[in-house]
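A.B. asks: here is my input; please provide its structure:
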Amino acid sequence: MINRFILNEVSYFGPGSRSVLPDEIKRMGLKRAFVVTDKDLVKFGVVEKVLTILKEANIPFEVFSEIKQNPTVTNVKEGVAAYAISGADFILAIGGGSSIDTAKAIGIITNNPDFGDVVSLEGVAPTKRKSVPVIALPTTAGTAAEVTINYVITDEVNQKKMVCVDPNDIPAVAIVDAELMYTLSKSLTAATGLDALTHAIEGLITKGAWEMSDMFEIKAIEMINRYLETAVFEPNNAEARNGMAVAQYIAGMAFSNVGLGLVHGMAHPLGAIFDIPHGVANAMLLPTVMEFNASAAIEKYEIIAKAMDVYCAGKSKEENAQAAITAVKELAVRVGIPEHLSEFGIQEKDLDKLAGSAVNDVCTPGNPKEVSKEIIIELYKKIL
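C.D. replies: Next comes the predicted model:
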């Protein structure tokens, strides 16, 4: 078997690492930035921490902040048009997955205009040219969009999330600066942290997993278990914030190259149809889908139990697997993740539509255990 691994050209880590921006921009021969971000990050001064560095280095820029929580086809088209008239020659993405995913789509379409309808990018799109150069600075410790070859855009017409997979979209440079995450709320810290844990666990048990990807995912689980609660309840704890920032990147290094599974397959329609934040959807689903998958990945579940520090040598594989599932569920409860879909207005009558979308999601085939629409409906019911 041939296994492929694609990562950024260059990545930087550590509080304050945004200071390398001018040197990287100069190294790449770039002149003018198109800054893709969201209004809240502008409002709370996070973007200014980056823009100040551009100003001091006399690097011109234009800000595009029309980004939704679940970015849409319309968002992307507006961004492509704004980039075209900005005079910029690279994109500076500042934000969580929403901003970075939008930046990826803008960069891909700009250099591959045949995909200007956006919807044709779904799945593995046959783009010919690399994206406009993207420098990504994540402000959440969850999506790892700065290191993945994936991005997710909502097709608002058909009420579905399109997972786009394209090696041409990976940011050229990732700058993982935990100082940009200090103002993240408790709820967003929890949701994005559980998103990262979902990436690590699904990446560990997905059909495409292998030794190299396993190495990264196991380390990510260990670090998230160690740092997430502290990051949620002590938001200015530099060690915890940086630990989570690095952990989510490590998880992204692997899952980007091996795929995910049913949790993401079921989470995507929750976001597309009901606008539930992606991290929250993943966190609600993860323990239930782990229980479903246990028989197909029992050895990996023992590894998860060890990484979450709940493994007991005197217990059976099944008991340790259950300990891992329980540890994940209890962590989600402790950091305040909602437990039921009904809290978001979802009713039993909605499950057929959700399951129909989930069974056809691009992530679902990576699941270690085969599923049907009927099985997915029953899994949704468990957390209704």
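
A.B. asks: quick one, strands of the chain?
C.D. replies: With DSSP state E applied, the chain shows strands at 10-13, 33-36, 61-64, 90-95, 123-124, 134-138, 150-155, 160-165, 173-176, listed in chain order.

A.B. asks: mind putting these into CSV with distance to Gly252, mean pLDDT and mean neighbour count?
C.D. replies: Yep, even glycine has a C-beta here, placed from its N, CA and C like the rest. Output for the strands of the chain, formatted as CSV (distance: least, CB to CB, whole Å; pLDDT from 0 to 100; neighbours: other CB atoms under 10 Å):
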stretch, distance to Gly252, mean pLDDT, mean neighbour count
strand 10-13, 11, 98, 16
strand 33-36, 19, 98, 26
strand 61-64, 24, 97, 18
strand 90-95, 14, 98, 27
strand 123-124, 18, 92, 12
strand 134-138, 10, 98, 28
strand 150-155, 9, 93, 24
strand 160-165, 14, 91, 22
strand 173-176, 9, 98, 25
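
A.B. asks: adding distance to Ser342, write these out as JSON lines.
C.D. replies: Listed next are those as JSON lines, based on distance: least, CB to CB, whole Å:
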{"stretch": "strand 10-13", "distance to Ser342": "40"}
{"stretch": "strand 33-36", "distance to Ser342": "35"}
{"stretch": "strand 61-64", "distance to Ser342": "37"}
{"stretch": "strand 90-95", "distance to Ser342": "30"}
{"stretch": "strand 123-124", "distance to Ser342": "32"}
{"stretch": "strand 134-138", "distance to Ser342": "32"}
{"stretch": "strand 150-155", "distance to Ser342": "23"}
{"stretch": "strand 160-165", "distance to Ser342": "21"}
{"stretch": "strand 173-176", "distance to Ser342": "36"}
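
A.B. asks: if I pick the residue lying closest to His268 once chain neighbours are set aside, what's in contact with it?
C.D. replies: Spatially, and ignoring its direct neighbours in sequence, His268 is nearest to Lys161 (3.9 Å; CB to CB, 6 or more residues apart in numbering). Counting by CB atoms under 8 Å, 6 or more residues apart in numbering, Lys161 touches Asn70, Val152, Ile153, Thr154, Asp155, His268, Pro269, Gly271, Ala272, Asp361.

A.B. asks: could you dump those residues to TSV with distance to Ala125?
C.D. replies: Output for the contacts of Lys161, formatted as TSV (distance: CB to CB, whole Å):
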residue	distance to Ala125
Asn70	20
Val152	13
Ile153	12
Thr154	17
Asp155	14
His268	17
Pro269	21
Gly271	21
Ala272	19
Asp361	16
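
A.B. asks: for the residues you listed, which one is nearest Ala355?
C.D. replies: Among the contacts of Lys161, Pro269 lies closest to Ala355 (CB to CB), at 8.3 Å.

A.B. asks: for Lys382, see how far away the nearest residue to the closest one once chain neighbours are set aside is.
C.D. replies: Spatially, and ignoring its direct neighbours in sequence, Pro269 is nearest to Ser357 (3.8 Å; CB to CB, 6+ apart). Distance, Ser357 to Lys382, using CB to CB, to the nearest Å: 18 Å.

A.B. asks: neighbour count winner among the two?
C.D. replies: More crowded of Ser357 and Lys382, by other CB atoms under 10 Å: Ser357, with 23 against 14.

A.B. asks: isn't the more buried one up against His268?
C.D. replies: Yes - Ser357 is in contact with His268 according to CB atoms under 8 Å; the separation is 7.2 Å.

A.B. asks: what do those two both touch?
C.D. replies: Lys160.

A.B. asks: give me the pLDDT for the residue lying farthest from the centre of the chain.
C.D. replies: For the chain, the largest distance from the centre (CA atoms, centre = their mean) belongs to Gly314, which lies 36.2 Å off. Per-residue pLDDT puts Gly314 at 92.
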